[in-house]
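Participant: Sequence unavailable; structure follows:
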């Protein structure tokens, strides 16, 4: 049996009529919005926020702040392990597309943005918890994130990825409330002011195994830095409009899920410590259940263990031990 993997890539439009598929992680940002009685209004409000944010940042030749619209595609990647014929939902990411309403041009944005992975749920919510069970001191396994990182790099270098996408992904996450960030003198016209963290985090180390480096920027009109994970040169490999599509999309999600940080009433200063207990913030008109979201991560990790890690354990271990980029 071959120990290579093949990938099947599908996309679906994220609009106000979007309904998550059975294989979508329900803690994923966009899937979480699309549940419950308020699902359609949630999606409508979020998409409007994204467009408004985009036009505020892309303000040149845009006097009415209505020149651009953002269309979102959910990219689902299923992996076929070792030619078994069975697929497992590997990752889901978002692709932005920009509509110039003045010229009717459709401009490709950035792929990545949001990052959803069942195997990451397994690593953080099952493997890491089991590793530290009954231990007095928290430790991280030496090979933590190795398999996930290699699978991601294998996908990025695969013919399937190159056939569908012209550029490498950029993933945009919230900052950590366990770290302190210091404002630097470096400033970009779209990404904004760069911040430097006081230390590395487990998330940074995990994404480094995926081949990604990270920089932190607080865009104009924003109140807190965002974490941008990328390959290559973030500032020069992507156009201003591409970067704006990622900022407007992911900051909108963060305003919903981390309002204490991204919808705070005061902007980050020279020395910034994110605080999820900050009471001085505003809420969006979007309903979601954050407590349910954290509980479901464990269920999703167990799903990955049952349907991916255990059935293919020997194949995965052999492949991971011999994999080289």
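Facilitator: On my side now, so go ahead. Just so it is clear, the model here is predicted, and its values are computed rather than measured.

Participant: CA atoms for contacts and neighbours, from now on please.
Facilitator: Fine.

Participant: I'd like to know how far residue 203 sits from residue 179.
Facilitator: Shown here: residue 203 relative to residue 179, a distance of 12 Å by CA to CA, to the nearest Å.

Participant: again but with residue 316, I slipped
Facilitator: Using CA to CA, one gets 34 Å for the distance from residue 316 to residue 179.

Participant: Between these two, which has more neighbouring residues?
Facilitator: Set residue 316 next to residue 179 and count neighbours by other CA atoms under 10 Å: residue 316 wins out with 19 against 15.

Participant: Tell me if that one really is in a strand.
Facilitator: No. Residue 316 is assigned helix when assessed by DSSP: H, G, I helix; E, B strand; the rest coil, not a strand.

Participant: low-confidence ranges in this protein?
Facilitator: By pLDDT under 70, the low-scoring segments of the chain are 1-3, 20-37, 287-295, 325.

Participant: Report the secondary structure state of the residue most central in space within it.
Facilitator: Nearest residue to the geometric centre of the chain (CA atoms, centre = their mean): residue 114, 2.5 Å. Following three-state DSSP, residue 114 is assigned to strand.

Participant: where's it relative to residue 205, distance?
Facilitator: Distance check for residue 114 against residue 205: by CA to CA, it reads 18 Å.

Participant: Excluding covalently adjacent residues, which one is nearest to residue 219?
Facilitator: residue 192 (4.0 Å; CA to CA, 6 or more residues apart in numbering).

Participant: bridging residues for that neighbour?
Facilitator: For residue 192, the beta-bridge partners are residue 188 (DSSP bridges).

Participant: Report the contact partners of it.
Facilitator: 217-220 (CA atoms under 8 Å, 6 or more residues apart in numbering).

Participant: Buried subset of these as a PyMOL selection?
Facilitator: A single PyMOL command selects the buried members of these (16 or more other CA atoms under 10 Å):
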select buried, resi 217+218+219
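
Participant: quick one: which of the contacts of residue 192 sit in strands?
Facilitator: When these are checked against strands (DSSP state E), the matches are 217-218.

Participant: Which of the contacts of residue 192 sits closest to residue 59?
Facilitator: Of all the contacts of residue 192, residue 59 sits closest to residue 220, with 11.4 Å by CA to CA.

Participant: Please give the number of neighbouring residues around the closest residue in space to residue 281 that isn't next to it in sequence.
Facilitator: Excluding its sequence neighbours, the residue lying closest to residue 281 (CA to CA, 6+ apart) is residue 264, at 3.9 Å. Residues contacting residue 264 under the criterion other CA under 10 Å number 21.

Participant: Over to the one 5 residues further on?
Facilitator: Counted with other CA under 10 Å, residues neighbouring residue 269 total 12.

Participant: check contacts around it.
Facilitator: The contact partners of residue 269, by CA under 8 Å, 6+ apart, come to residue 183.
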